[in-house]
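[1] okay, predicted coordinates and the sequence, questions at the end:
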Amino acid sequence: MEKVRTRFAPSPTGFMHLGGLRTALYAYLFAKHNDGDFILRIEDTDRERFVEGALDVIYSSLKCSGLNYDEGPDVGGDYGPYTQSERKDMYLDYAKKLIDLGGAYYCFCSKERLESLTDENGNRKYDKHCLKISKEEAERRIANGESYVIRQNIPTEGTSSYEDLIYGTIEVDYSDLEDNILIKSDGMPTYNFANVIDDHLMKISHVIRGTEYLSSTPKYNLMYDAFGWKRPVYIHLPTIMKDATRKLSKRYGDANFDDFISKGYIEEAIINYVALLGWCPKNNAEKMTVPEMVELFDLTGISKSPSIFDEVKLRWLNSEYLKAMDDEEFLKRATPFFEKSEVFKLYDVRKIAKIIKSRIEILSDIPEKVFFLVSRPDFNEALYENKKQKTDSQLAKQILPSVLTTLEQTPSFTNDELFATLSAKAEELGIKSRQLFYVLRIALTGLEVTPGGATEILDILGKEESIKRLKTAIELL
Ligand code: GLU
């Protein structure tokens, strides 16, 4: 059987769209599930849109998401170059061949003439004006230095049909298609041409891309057929929407992979969530690593309808990854976010990391969650009141001075030791230890809910700061 080869073919726009990342992921999963190859090809024939640094964004987003490609511009391979601008001459040769085969023709129409073809609704369709020019005449005009493009010659009648593995039989009337440009006046191919030539030459067996190409695929099939090449198998993927009417877009700031990383999402969670945008594995799993997805990947789980991007779910998934992460790894990833808070200078972030790991959803929640360690918020003594714990400001007034004395006498301010000492203290005072911890935690933090319990917080604050905070709290009572 022919080897499965899929490709991801982004244009270097300077950012990795989450929709693009999903296309890359599915192409990777499909290839790897079938022991095939996954190829990266850079589609940069639109030189005006070229953005500096854009290639690195593509390489690094794929690699840090775990999508290692077998062939590509920076890793090489047998079918290179993998950057379209470096393949320029090859396209022109194939375009000339297509002219000989009747599938394309030279066009010399001026901008003005093309503009005059626009109808009252602003639509324009090329009228095959230059199709009648003989090859000899065209070659003479080119030799004279006239500017030209090469257009595809699409039949004016009939219907084309092909099978898409997700959408089934797709039929398009040729009259709905236009004689698009294949080679531009600068000699560069358009996407419409380059994708066909490259997919063929790179032996791509399955073309996986967004549904926006579903209706233009008949044009590509005409070319495969004219050259006598085998058509690839097509797998078009549903759109990702922001809501019922809008697509996920960079404009709304909700589509860029790097923006999510800056917001404190981790790569593993993003790629996992992206996998679920249009695909549901047979076992309904939600949290999956890329290798697990490779095992499970199956086209029957891909939906035809658009999927809606749900950031709440992504947050949840991210929190699951953070919870499961080992402490060292968490600290490493969380450090840039700790650095945004004063806590970094004041305390041992290793200890803070431990209490915070399972209490945040995304890393950028950190500064806000640990702010009480930098400065205790003002609070009203009503905060001591908790019906369930049976605590109130009276109890606080009664016990905090002697808790303070105990703490002043405690030499080692470690969580375990403090826990033992204060539990004994509660017994001595004739109250439940959780009552003592509750009141003490309010006094130290001024917050009803905090990451970490009273003794963990004492451990982080250290003796001096803890005593200082407790004294102020007692004075306020
Ligand atoms: N460069 C195209 C894009 O970014 C690739 C489409 C395809 O996969 O054929 O949309």
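    Alright, I've got the coordinates. Numbers count the residues shown, from 1 in each chain.

[2] name the residues of the worst-scoring helix or strand of the chain on mean pLDDT that are buried.
    Lowest on mean pLDDT, DSSP states H and E among the helices and strands of the chain sits helix 343-346, with a mean of 92. Using 16 or more other C-beta atoms under 10 Å as the burial criterion, the residues of helix 343-346 that qualify are 343-344, 346. (C-beta placed from N, C-alpha, C; glycine too.)

[3] other SSEs contacting that helix?
    In this structure, helix 343-346 packs against helix 371-374, with contacts taken as 3 or more C-beta pairs under 8 Å, 6 or more residues apart in numbering; DSSP states H and E.

[4] if we can go back for a sec, next secondary structure element downstream of the least confident helix or strand of the chain?
    helix 349-356 (DSSP states H and E).

[5] for that next one, the distance to its chain's centre please.
    Distance of helix 349-356 from the chain centroid (C-alpha atoms, centre = their mean, to the nearest Å) equals 28 Å.

[6] from Gly264, how far off is the closest residue to Ser249 other than its chain neighbours?
    Once its chain neighbours are removed from consideration, Ser249 has its nearest residue in Ala255; the separation is 5.3 Å (C-beta to C-beta, 6 or more residues apart in numbering). Ala255 sits 17 Å away from Gly264 when distances are taken as C-beta to C-beta, to the nearest Å.

[7] the stretch 201-350 of the chain: strands as residue ranges?
    Listed in chain order, the strands of the stretch 201-350 of the chain (DSSP state E, counting those that start in this stretch) span 206-210, 233-237, 240-241, 307-308.

[8] wait, which of these is closest to the ligand?
    Smallest distance to the ligand across these (C-beta to the nearest ligand atom): 3.4 Å, for strand 206-210.

[9] angle of the closest one against strand 233-237?
    Here strand 206-210 runs at an angle of 20 degrees relative to strand 233-237 (axes from the mean of the first three to the mean of the last three C-alpha atoms, to 10 degrees).

[10] just checking: what are the partner strands of strand 206-210?
    When pairs are called by DSSP bridges, strand 206-210 turns out to pair with strand 233-237 (parallel).

[11] and the strand it pairs with, what's buried?
    Applying a neighbour-count criterion of 16+ other C-beta under 10 Å, the buried positions in strand 233-237 are 233-237.

[12] equivalent analysis for stretch 204-213, please.
    Applying a neighbour-count criterion of 16+ other C-beta under 10 Å, one finds 204-210, 213 buried in stretch 204-213.

[13] what pLDDT, on average, does the longest helix seen in the chain get?
    Once the chain is assigned using DSSP state H, the helix that runs over the most residues is helix 454-476. Helix 454-476 shows an average pLDDT of 97 in the prediction.

[14] that one packs against which elements?
    Using 3+ C-beta pairs under 8 Å, 6+ apart as the contact definition, the elements that helix 454-476 packs against are helix 349-356, helix 371-374, helix 393-409, helix 415-429, helix 433-445.

[15] list the contacts of the longest one.
    I take that to be helix 393-409. When contacts are defined by C-beta atoms under 8 Å, 6 or more residues apart in numbering, helix 393-409 is touched by residues 381-382, 384-385, 421-422, 425, 429, 431, 435-436, 439-440, 442-443, 458, 463, 466-467, 470-471, 473-474, 477.

[16] among the helices and strands packed on helix 454-476, which comes closest to the ligand?
    Within those, the stretch nearest the ligand is helix 349-356; the backing value is 39.0 Å (C-beta to the nearest ligand atom).

[17] who are the packing partners of the next helix or strand after that closest one?
    Past helix 349-356, heading to the C-terminal end, the next element that is a helix or strand (DSSP H and E) is helix 366-369. In terms of contacts (3+ C-beta pairs under 8 Å, 6+ apart), helix 366-369 is packed against helix 327-338.

[18] got the angle between the helix it packs on and helix 349-356?
    Angle, helix 327-338 to helix 349-356, by the same axes, to 10 degrees: 100 degrees.

[19] list the buried residues for helix 327-338?
    Of the residues in helix 327-338, those buried under the neighbour-count criterion (16+ other C-beta under 10 Å) are 330-331, 333-334, 337-338.

[20] what about the helices in the stretch 101-250 of the chain?
    With DSSP state H, counting those that start in this stretch as the definition, the stretch 101-250 of the chain shows helices at residue ranges 111-115, 135-143, 191-201, 217-227.

[21] tell me what the shortest one is packed against?
    What that stands for is helix 111-115. For helix 111-115, there are no packing partners by 3+ C-beta pairs under 8 Å, 6+ apart, so no helix or strand.

[22] and that helix, average pLDDT?
    The predicted model gives helix 111-115 an average pLDDT of 95.

[23] chain center to that helix: distance?
    When distances are taken as C-alpha atoms, centre = their mean, helix 111-115 is centred 41 Å away from the chain's centroid.

[24] next: the third one.
    Its chain's average C-alpha position is 26 Å from that of helix 191-201, according to C-alpha atoms, centre = their mean.

[25] repeat for the last one
    The chain centre lies 32 Å from the centre of helix 217-227; the measure is C-alpha atoms, centre = their mean.

[26] that one vs the ligand: in contact?
    No - judged by C-beta under 6 Å from any ligand atom, helix 217-227 stays clear of the ligand, getting no closer than 8.9 Å.
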